[in-house]
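>>> Pasting a predicted model and its sequence here:
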Amino acid sequence: MSDSEQYVIESGDAGASATIPMEAGQIKKGGYMMIKGKPCKVLSISVSKTGKHGHAKCNFLATDIFTGKKYEDMIPSTHGTTVPIVNRSDWELIDIEGDEVTLMDEGGNQKTDLNLPTYPDGMADDITNAWNGGENSVIVTVQAAVGIEQIISWKKDNA
């Protein structure tokens, strides 16, 4: 290689995975798991007895954390599945322009790449009305998993 050739680095992340492996029998109600490629919150788990092939099966009923759609999955309890890494953070609403929002955290960092939520129905209107063109201070909670970020809740700040 000559000195004139340049290395091109496309991304600057640490290469951390958005999911972690976990045994199906270790997942608890209220926890998270991936079903059909979607991050889901587990609503209920029923475990069937070991059959003639020797595996107890876990039947999971869960909802997508971003759309609310229900999913079901059955996995042998000793087999592995994936669990999404879910992060939540609070942001202050700075501006609403169409469907796009501008947010700021306590450190003064701004986030401009989010839209008003489409699920649940009516939350976007509630946030817009509560914000009232900047008259009120509104705090929104942003949930992030597997590269998706979405506003999941909000509250009026009376400080």
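All right, it came through fine.

>>> Please, where are all the strands along the protein?
19-23, 32-35, 38-48, 57-64, 70-76, 80-84, 87-97, 100-104, 110-115, 137-145, 148-157 (DSSP state E).

>>> So which elements touch the fifth one?
Just to be clear, that refers to strand 70-76. Judged by 3 or more Cβ pairs under 8 Å, 6 or more residues apart in numbering; DSSP states H and E, strand 70-76 is in contact with strand 32-35, strand 38-48, strand 57-64. No exception for glycine: its C-beta is placed from N, CA and C like everyone else's.

>>> Out of those, which is closest to Ile127?
Checking the helices and strands packed on strand 70-76 against Ile127 by Cβ to Cβ gives strand 57-64 as the closest, at 20.7 Å.

>>> which neighbours does that closest one have in its sheet, and in what orientation?
Note on strand 57-64: by DSSP bridges, its sheet partners are strand 38-48 (antiparallel), strand 70-76 (antiparallel).

>>> For that strand, buried residues please.
Residues Lys57, Cys58, Phe60, Leu61, Ala62, Thr63, Asp64 are the ones in strand 57-64 that count as buried (16 or more other Cβ atoms under 10 Å).

>>> Next, the angle strand 19-23 makes with it.
Per axes from the mean of the first three to the mean of the last three Cα atoms, to 10 degrees, the angle that strand 57-64 makes with strand 19-23 is 150 degrees.

>>> got a list of contacts for strand 57-64?
24-25, 27, 33, 35, 38-48, 51, 69-77 (Cβ atoms under 8 Å, 6 or more residues apart in numbering).

>>> could you flag which of those residues are buried?
24-25, 27, 33, 35, 38-42, 45, 71, 73, 75-77.

>>> Quick check: Asn147 touching Thr19?
Wrong residue type there; residue 147 is Gly, not Asn. No - Gly147 is not in contact with Thr19 according to Cβ atoms under 8 Å; the separation is 10.6 Å.

>>> These two: which has the busier surroundings?
Between Gly147 and Thr19, Thr19 has the larger neighbour count (other Cβ atoms under 10 Å), namely 16 against 8.
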